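Peer 1: Next come a sequence and a model predicted from it.
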Amino acid sequence: MNIFKKKLEDTSPKQLNFEPIELFQNLFHKEGYAYLRGIQEEVLSSWHSIRDQRDVLCKMNTGSGKTLVSLLMLYSKMIEGVGPSLYLCPDKQLLEQAKLQADLYGIPVCEIEYHGQRSVFPDDFSNSKAILLCTFQKLFNSRSIFERDNIDVGSIVLDDAHVCLDKAREATTLNIPFNHDLADRLLKLFQEELKYQAPGTYHRLIQGDPYAKILKVPYWAWLTRIDELIKLIGSFSEDRELMFKWGLIADDLKSYDCYVGPRGIEIAPSYVPFHNVRAFNEAKHRYILSATFEDQIDLIKDLGININSIKNALIPKDRKDVGQRLILAPQRFDSRITDEQIMSLAKEYSESGINVMVLTPSSNRAAKWEDFGAEIIENDNINEEIAKLRTEKGQFYVLVNRYDGVDLNGDMCRVLILDGYPSFSSYEQLYAELRLESVKASLKAQIIEQGLGRAVRSGSDYCAVYLMGKDLLQFVGNKSNLQYFTPVTRKQLKLGLSLLDDESTDKSLNTIKDTANLCLVQDMSWREYHSEILSKIDADKTDDRIIKNLEIADLESQAIENYRRRDYESASKVILDKIVDTVALTDKQKGWYFEKAANYLYLDNAPKSNDLQIKAAQTTSHMLQSKNGHSYTKIMASEEQAFQVLNFIKQFETSQDFKMYFETLLENLQFSQDIPHTKFENAFAEIGRLIGFYTQEPEAEFGNGPDVLWVMTGNHYLVLEAKSRAIHGEITRDNINQLLGSGEWFKKLYGSAANFNLVTIQPPNIKGWNVNTSENTRVIDEESLNLLKDNLRRFVDGINNSGFTASSNKEIANLLGIHNLTTNGFLKSFLKPVISKKG
């Protein structure tokens with residue numbers, strides 16, 4: 001007989017108190033796990049005071065115990081009686097961590113069971129006796145067992161919510177490769193519209209050019225064929241790509257966009273149709289947990305989270321227990337340091353017994369590390385390889401485009417290297433990146449922040465972090481981008497990037513190694529300095545920029561709800577009246593929202609929609625081109641050249657950042673078949689801006705015209721066609737005919753009285769026997785390009801030597817004149833006549 005069991009049975013059932021801290025005390029903890037940390041108690045107490053609130057955003061640092069906090073929230077609501085509790089995380093690795101935490105603290109959890117081929121919910125979940133742990137994908141798919149069994153959920157936790165957002169978009173986006181029958185049929189359906197938008201880009205895409213830009217199917221072409229599209233795409237619903245997606249997409253195809261890129265076709269939602277995932281959309285309580293959210297606008301637009309819960313997020317008063325990250329940028333300290341030297345240093349670390357992890361955005365970058373002994377970890381064996389780091393020393397690994405979901409605490413990783421600027425993989429993001437700089441900056445900052453967080457997982461952890469790659473260093477060196485990082489990361493970046501500014505660069509690599517070593521050996525001076533720096537950080541607050549973006553996102557959410565209810569005019573009016581007419585926007589943002597308003601209105605009032613589309617394209621570049629009206633935006637020189645230069649360089653934090661940006665331009669500004677023509681063209685446009693001229697890329701921005709257009713002081717125009725990958729020994733007839741065509745485009749738009757030169761940029765300055773040029777045709781050949789680059793380099797050095805941002809208008813004007821970068825100087829020094837071949 002068990003006397004204790006008998007005594008318990010004789011006692012009336014005990015009613016548990018659902019106050020989370022008291023509830024924790026009644027759990028059966030494993031030895032050594034009987035207490036909550038101060039930060040956990042703080043968050044749980046704050047949450048308990050608003051426990052009736054439906055949506056709660058909680059921002060806790062990695063390693064601060066958010067998994068336990070979120071499990072206790074769910075357990076408390078379950079005991080309260082609101083219904084079944086569901087814990088969602090983006091991958092199985094995090095699922096196992098949550099299960100371990102629950103076991104250590106005695107929190108009842110369960111997982112989906114399998115009876116043969118059929119998945120079944122455990123009774124403990126349905127009866128609110130245990131929290132169900134499962135991956136986000138189990139809920140967010142069109143054949144979800146939650147929908148199959150008509151499950152109602154009381155409380156949901158999204159752990160690592162920023163990753164869950166990405167998963168939500170993946171689950172509702174179709175990616176169709178070019179070799180697929182569906183891709184062929186969609187291309188035939190829209191080829192005329194795509195050709196009209198950008199004939200050159202369309203041709204490049206069809207020819208398989210991997211550097212071609214993304215094209216978007218105009219919304220009017222998409223919407224007028226919606227019934228056709230439902231039948232066409234639906235006929236492939238059993239295809240592997242569509243099988244678990246089509247059910248979430250089919251009823252919302254009107255709010256989707258179709259993109260064509262080098263890999264194929266992407267059909268992506270304007271906003272995730274989360275309302276089709278009933279268990280999530282109708283859950284009584286939704287708790288969003290993350291360590292890296294600074295811009296939370298996608299929570300509103302893509303998951304329907306209430307704006308007030310984001311404005312008033314639960315944030316511990318002290319979020320400084322993030323561990324020590326010494327972030328160093330060797331090539332920013334000394335531009336002579338090569339990638340190979342940093343790779344050799346990483347190899348030295350691993351040979352000395354230190355585990356090194358490298359994060360790269362592409363397979364091409366990753367392959368270079370293999371030459372130095374690194375091993376690339378593939379996704380299918382990632383868990384096994386990461387597990388080795390717990391017991392083995394001196395491992396040297398590379399992860400490709402994986403900035404989240406990998407925890408490398410303690411000795412698992414003491415040296416972390418971020419090599420290169422993260423790249424977007426979705427066409428929807430790439431398309432927006434060209435049109436809205438803030439989209440690029442905030443999302444890229446979040447990816448970088450996730451990467452930086454891989455190797456410091458608690459307040460007592462530490463790691464030396466190396467940043468490399470000029471594109472990445474340019475991004476963190478642009479002071480306007482720092483606002484998108486969390487306050488602690490922002491401070492650590494500023495600390496590391498400026499730490500060695502006053503040190504000699506004579507033995508720069510040794511200086512870098514010695515400095516990093518102070519962190520790795522846990523030197524007391526380093527620890528005290530790091531602590532002192534972090535102590536000066538103000539408490540987290542939602543600043544005016546974020547508030548503004550949240551309110552815009554909320555208005556966009558209202559508009560899309562009106563659109564889904566088929567109230568098209570109201571949807572358009574929300575965008576126009578409450579955003580365009582009310583909020584301070586840049587021209588790019590205005591153009592973007594004019595187009596969005598036109599899109600929403602099209603099914604209700606096509607003529608008015610067309611007027612708005614023309615207005616969008618007149619406001620800014622890269623908007624869709626209406627067939628029913630011309631929408632090219634002219635450029636004119638309206639500011640003095642030196643003043644424009646001063647404005648341009650203000651975007652850089654230091655002279656070194658400015659120099660690195662410039663060197664990247666020069667790397668792309670060379671005749672080579674290995675450099676994408678788009679990079680060369682963009683570099684030439686940027687050079688124009690750098691020296692104070694107004695520039696466009698008409699072919700890319702408007703689908704017609706030259707590769708690059710400059711307007712110089714005095715309103716003299718250069719119509720530029722770049723042939724940077726040309727290998728012929730003379731200027732060909734095709735090249736000149738294309739340039740003459742761009743000249744006709746220019747005269748039609750700017751008038752024949754405008755002063756301009758037609759300029760072909762290619763290695764030779766000699767034309768073939770059958771080539772006829774106009775009187776004002778010129779060439780920038782290889783000799784001229786090299787001379788221009790030399791003069792530009794001296795110009796940039798002159799700016800840096802005169803004090804960078806302290807430079808005066810007069811000093812800049814003198815530098816422009818000395819280096820022949822004024823209008824007259826440029827025309828005389830760098831433009832050559834096209835000459836005939838002798839003999």
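Peer 2: Cool, the structure landed.
Peer 1: need the strands for the stretch 501-650 of the chain, in chain order.
Peer 2: Read by DSSP state E, counting those that start in this stretch, the stretch 501-650 of the chain holds no strands at all.
Peer 1: State the number of residues packed around Glu42.
Peer 2: 18 (other CB atoms under 10 Å). Using the backbone N, CA and C atoms, a C-beta is placed for each residue, glycine as well.
Peer 1: What strand or helix carries it?
Peer 2: For Glu42, the host element (DSSP states H and E) is helix 38-49.
Peer 1: Off-centre distance for that helix?
Peer 2: Helix 38-49 sits 32 Å away from the centroid of its parent chain (CA atoms, centre = their mean, to the nearest Å).
Peer 1: before we move on, what about stretch 170-190?
Peer 2: How far stretch 170-190 lies from its chain's middle: 24 Å, per CA atoms, centre = their mean.
Peer 1: and what of stretch 616-629?
Peer 2: Chain-centre distance of stretch 616-629: 25 Å, with CA atoms, centre = their mean.
Peer 1: ditto for stretch 623-638
Peer 2: Here stretch 623-638 is found 28 Å from its chain centre; the criterion is CA atoms, centre = their mean.
Peer 1: Please apply the same query to stretch 75-83.
Peer 2: Centroid separation between stretch 75-83 and its chain, computed with CA atoms, centre = their mean, is 37 Å.
Peer 1: go on, stretch 97-107?
Peer 2: Centroid separation for stretch 97-107 versus its chain: 33 Å, with CA atoms, centre = their mean.
Peer 1: Please report the distance of Leu497 from Phe804.
Peer 2: With distances taken as CB to CB, to the nearest Å, Leu497 is found 16 Å from Phe804.
Peer 1: So between the two, which is more surrounded?
Peer 2: Comparing Leu497 with Phe804 by neighbour count (other CB under 10 Å), the higher total belongs to Leu497, at 23 against 18.
Peer 1: Return the residues in contact with that one.
Peer 2: 327, 329, 332, 476-477, 653 (CB atoms under 8 Å, 6 or more residues apart in numbering).
Peer 1: Listing request: residues of the stretch 501-650 of the chain with sub-threshold pLDDT.
Peer 2: By pLDDT under 70, the low-scoring segments of the stretch 501-650 of the chain are 538-543, 629-631.
Peer 1: rerun at 80
Peer 2: Along the stretch 501-650 of the chain, segments meeting pLDDT under 80 span 536-545, 627-633, 638-639.
Peer 1: can you map out the helices along it?
Peer 2: Listed in chain order, the helices of the stretch 501-650 of the chain (DSSP state H, counting those that start in this stretch) span 508-520, 524-535, 544-564, 568-573, 587-601, 606-619, 641-649.
Peer 1: quick one: which of the ones you listed is nearest Met660?
Peer 2: Checking the helices of the stretch 501-650 of the chain against Met660 by CB to CB gives helix 641-649 as the closest, at 12.9 Å.
Peer 1: Now do the phi/psi pair for Ile750.
Peer 2: Not quite, residue 750 is Tyr, not Ile. Main-chain torsions, Tyr750, degrees, to the nearest 10: phi -110, psi -10.
Peer 1: what's the pLDDT at it?
Peer 2: As predicted, Tyr750 sits at a pLDDT of 92.
Peer 1: tally of neighbours for Trp526?
Peer 2: The tally of other residues near Trp526 (other CB under 10 Å) stands at 19.
Peer 1: My error: substitute Glu782 in the last question.
Peer 2: Neighbour count for Glu782, taken as other CB under 10 Å: 14.
Peer 1: OK, contacts around the closest residue to it other than its chain neighbours?
Peer 2: For Glu782, ignoring the flanking residues on the chain, the nearest one in space by CB to CB, 6 or more residues apart in numbering is Pro763 at 4.3 Å. Contact analysis of Pro763 by CB under 8 Å, 6+ apart lists 671, 726, 781-782.
Peer 1: Reformat these into a markdown table and put secondary structure next to each item.
Peer 2: Listed next are those as a markdown table, based on DSSP: H, G, I helix; E, B strand; the rest coil:
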| residue | secondary structure |
| --- | --- |
| Phe671 | coil |
| Ala726 | coil |
| Asp781 | coil |
| Glu782 | helix |
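Peer 1: Among the residues you listed, find the lowest-pLDDT one for me.
Peer 2: Note: of these, the lowest pLDDT belongs to Ala726, at 80.
Peer 1: Leaving aside the residues adjacent along the chain, what's closest to it?
Peer 2: Excluding its sequence neighbours, the residue lying closest to Ala726 (CB to CB, 6+ apart) is Gln762, at 4.7 Å.
Peer 1: Against Pro706, how distant is that neighbour?
Peer 2: From Gln762 across to Pro706, the span is 14 Å (CB to CB).
Peer 1: more neighbours, the two?
Peer 2: When Gln762 and Pro706 are compared on other CB under 10 Å, the one with more neighbours turns out to be Pro706, at 26 against 23.
Peer 1: wouldn't Ala346 be in contact with Lys368 here?
Peer 2: No: if you go by CB atoms under 8 Å, Ala346 and Lys368 don't touch, sitting 11.4 Å apart.
Peer 1: who's more crowded, the two?
Peer 2: Between Ala346 and Lys368, counted using other CB under 10 Å, the more crowded position is Ala346 (25 against 16).
Peer 1: for the more buried one, helix, strand, or coil?
Peer 2: Per three-state DSSP, the local secondary structure of Ala346 is helix.
Peer 1: Let me see the contact set for it.
Peer 2: Ala346 sits next to 356, 358, 369, 372, 374, 396, 415, 417, 466 when contact means CB under 8 Å, 6+ apart.
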